[in-house]
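J.: Sequence and computational prediction follow.
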Amino acid sequence: MANIDTIVFDFGGVLIDWNPRHVFRQLFEDEDKMEWFLSNVCTDEWNVQQDKGRLLKEGTALLKASHPAEHHALIEAYYGRWEEMLKGEISETVEILHELRKTYKVYGLTNWSAETFPIAQQRFPFLQVFDGIVVSGEEKLIKPDPAIFHLLTERYGLKPEHSVFIDDNSKNVAAARTIGFEAIQFTTADELRSRLRELKLL
C-alpha cells in the first residue's frame, strides 16, 4: 500500500487500557452483580453521552435521579474514581505507534469526554507524538457518526483513501470503511502488527 501516508488511531482499548471494571471490581464482591450494574445502571450508552459532550455532573445527576438511593454512591464513583479506570498504556501497541510515526503521519480520533481527556494527556506522554487529535467530547460528535470522520479529514487535510484507521469497535471500523479508509479492527497488538505487515506498512 505505497499510497498510504497516514495512520489514525483510536485510544481506549487500543493504546490505553481503560475499563470501568478496574474500579468496580473493588466495589463489588460479586462479579455478576457488578456486570448487572454496568449493564443496567452505569451503562455504555450513558457513558457515551458524556463522551458526546454532556457534562459529567449532569450525567451523574440524571442517573441518580432515575435510580434508587442504594445505587447513588456507586454512580458517583464512576466519575469520582474515573482516573483509576485508566490502568495504563497498552505498551505493545504504543510501540507500534512509535514505529509507524517514523514513516507516516499519525492522528487520533477518540470517543472521550472533554473533561477527562486532559487527565489522559498528562498521564500518557505518547499522546504528545500525534500530529493531531479529535476528541468527541470537544466536538459534540461521536463515532460511528460519519460527521466526526469528515471533521477529522477536513481539519487536517487527510485523504481517507490514503489513510489507515485502527479501532477496537466494529461499528467504528465499518463507518470508517464507508468513508474510504482502510480500516483495521483491533484485537491484539500481535494481530495488528501482523495485519500492518500484510499491508506492507511495517
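T.: Sure thing, it's come through.

J.: List the buried residues in stretch 143-155.
T.: In terms of neighbour count (16 or more other CB atoms under 10 Å), stretch 143-155 has its buried residues at 143, 144, 148, 149, 151, 152, 153. Yep, even glycine has a C-beta here, placed from its N, CA and C like the rest.

J.: Just the ones of these in helices?
T.: Per DSSP state H, helices hold the following members of those: 148, 149, 151, 152, 153.

J.: In contact with the third one: list those residues for me.
T.: Shown here is residue 151, whose contacts under the criterion CB atoms under 8 Å, 6 or more residues apart in numbering are 134, 139, 141.

J.: State the distance from it to residue 142.
T.: As judged by CB to CB, to the nearest Å, residue 151 and residue 142 stand 11 Å apart.

J.: cool, the fourth one as well?
T.: Distance, residue 152 to residue 142, using CB to CB: 12 Å.

J.: Equivalent analysis for the second one, please.
T.: With distances taken as CB to CB, residue 149 is found 11 Å from residue 142.

J.: Give me the contacts around stretch 37-48.
T.: If you take CB under 8 Å, 6+ apart as the criterion, stretch 37-48 is touched by 20-21, 24, 28, 59, 63, 67, 71, 74-75, 78, 111, 142.

J.: Could you identify the most distant pair in the residues you listed?
T.: Greatest spatial distance among these (CB to CB): 28 and 142, at 28.3 Å.

J.: got the residue ranges for the strands in this protein?
T.: For the chain, the strands defined by DSSP state E cover 6-9, 16-18, 86-89, 105-110, 132-135, 163-167, 182-185.

J.: Each with direction, which strands does the last one pair with?
T.: Sheet neighbours of strand 182-185, with direction, are listed as strand 163-167 (parallel) (DSSP bridges).

J.: Quick one: mean pLDDT over the partner strand.
T.: Computed over strand 163-167, the mean pLDDT rounds to 98.

J.: And that strand, how far out from the chain middle?
T.: On the basis of CA atoms, centre = their mean, to the nearest Å, strand 163-167 sits 13 Å off its chain's mean C-alpha point.

J.: How about the most centrally placed residue in the chain: what's its closest non-neighbour residue?
T.: For the chain, the residue nearest the mean C-alpha position is residue 12 (3.4 Å; CA atoms, centre = their mean). Using CB to CB, 6 or more residues apart in numbering and skipping residues adjacent in sequence, the residue nearest residue 12 is residue 18, 4.3 Å away.
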